[in-house]
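K.L.:
Okay, predicted coordinates and the sequence, questions at the end:
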Amino acid sequence: MEERNGCGAGCLVIAIGLLVPLATMFAVVFGLAASDGIKWEARAALRQGTMGSFVAEELKCRGRGPCRWWGSYRSDDGQTARARVWINGYYAPELTEGSRVPALDTGHGVVVHRPGYFDPIGPLFFLGISLTCLFGPGYLMWRALWKRR
């Protein structure tokens, strides 16, 4: 087998070996993002948090991205009131300006959730990237060594 640049599979193995720590760092970061997202989504799905109501004030859309209703939240017991929060779990056509809907504050900060709603897309996306970063370099190294045989 003729080598194109005089280095062959050995250079590929070295390059991949140098990228493994970087890929591991990315895997850890994306894994932490996935676990954080799963924590908030699971709390909302299990209805753990403070029940209250959300008043829709403004629909904001980002390019092709999702449209989110921004508004204010007030807990049922009157202890917590927050302005400038967005609600997760309602699609844009479901609400109108001034709509008052039940909401659950899971402690996230700027997000309140539809009670019982679980959105696995975001956490699964981060988990997939994390696993790809973790196992991708090893797979590439295995492929490079397998082709050498």
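P.N.:
Looks like it arrived, so ask away.
K.L.:
For the longest helix anywhere in the chain, give the mean pLDDT please.
P.N.:
In the chain, taking DSSP state H as the definition, the longest helix is helix 9-45. Helix 9-45 shows a mean pLDDT of 75.
K.L.:
now for whatever helix or strand comes next after it, which elements pack on it?
P.N.:
Later in the chain than helix 9-45, the nearest helix or strand by DSSP states H and E is strand 50-61. Judged by 3 or more Cβ pairs under 8 Å, 6 or more residues apart in numbering; DSSP states H and E, strand 50-61 is in contact with strand 67-75, strand 81-88, strand 100-105. The C-beta positions use only the backbone N, C-alpha and C, and glycine is treated the same way.
K.L.:
residues making contact with strand 50-61?
P.N.:
67-77, 79-80, 85-87, 92, 95-105, 112, 115 (Cβ atoms under 8 Å, 6 or more residues apart in numbering).
K.L.:
Likewise for stretch 79-97?
P.N.:
Looking at what lies outside stretch 79-97 - Cβ under 8 Å, 6+ apart - the contacts are 44, 50, 52, 54, 56-61, 67-75, 101, 103, 105, 110-114, 117, 119.
K.L.:
quick revisit: just give me how far the longest helix of the chain sits from the chain centre.
P.N.:
Relative to its parent chain, helix 9-45 has a centroid offset of 13 Å by Cα atoms, centre = their mean, to the nearest Å.
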